[in-house]
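Trainee: Need coordinates for the below:
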Amino acid sequence: MDESGLQLIQAFNTVAPNVTNIFFDSIKNFYLKRWKGLKVGKMCLAALILENNDLSKLDVDEKNIQKIATNYKGIMAGSELSETMFFSSKILPYFRDFLLDYYAISNFLDTSTSWSNIKELIIKVKERIISICKAQGVRARPYIGVRVDQV
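Mentor: Predicted structure coming up:
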C-alpha cells in the first residue's frame, strides 16, 4: 500500500486525540522520519498474514520477516496496524455506494503485471486518472490510493 493509502487508514484511527497520544505520535514521527530516515512520499506498507498451526514455525517466519525488513530499513509495525489495514481493505469497497450520495466517485481497479513494472504502472494509472478528471472538469485533485495484492 502506498503512502496515500496509509493516510486513509489513519482516518480509521478510533483513538481520541489527547496530550499523551499527540506526544507519542510526535515521538513516532521523529523516530520514523529522522532516526529511520523514512521520507514522506516514499513510504509504503506491507501487511503479511501468517498462517500455521505450528507456533514455532510462525516464530521462525516472523524472525525471517524481521530480518528482511531490517535489511531494507523497514520496521515491524505490529499486529494492530495490520488489523486496521485488513479491516479497511474490507470496508473501502462499500464507500463507493456511500460516496455516490455526495456526488463523489470511488472505485477499485484490478490488473496484473510483473513485479518489475509495478512502479511504472502505478505512475501511469495515477497520471491517467488525473488527466481524465481535469478533462471532465473535476476541480479537486482526486484521491488515488494504491494497494498491490498477492505478489
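Trainee: where along this structure do the helices fall?
Mentor: 3-10, 19-30, 55-71, 79-100, 118-135 (DSSP state H).
Trainee: so which of these comes closest to residue 49?
Mentor: The closest of those to residue 49 is helix 79-100. By CB to CB, the value is 7.4 Å. Every residue, glycine included, has its C-beta placed from N, CA and C.
Trainee: could you give the mean pLDDT of that closest one?
Mentor: For helix 79-100, mean pLDDT is 71.
Trainee: ok, and the closest non-adjacent residue to residue 141?
Mentor: Leaving aside its sequence neighbours, residue 141 sits nearest to residue 130 (CB to CB, 6 or more residues apart in numbering; 7.1 Å).
Trainee: Buried residues, stretch 125-141. List them.
Mentor: 126, 129, 133 (16 or more other CB atoms under 10 Å).
Trainee: looking at the helices of the chain, which is buried most?
Mentor: helix 3-10 (a mean of 15; mean count of other CB atoms under 10 Å).
Trainee: Can you spell out the domain ranges of this protein, please?
Mentor: Following automatic domain parsing, the chain resolves into domains at 3-108, 109-151.
Trainee: Can you pull the poorly scored residue ranges out of this protein?
Mentor: By pLDDT under 70, the low-scoring segments of the chain are 1-14, 88-89, 92-93, 96, 100, 103-108, 149-151.
Trainee: can we see that at 90?
Mentor: 1-26, 28-59, 61-62, 65-66, 68-119, 121-122, 125-126, 129, 133, 136-151 (pLDDT under 90).
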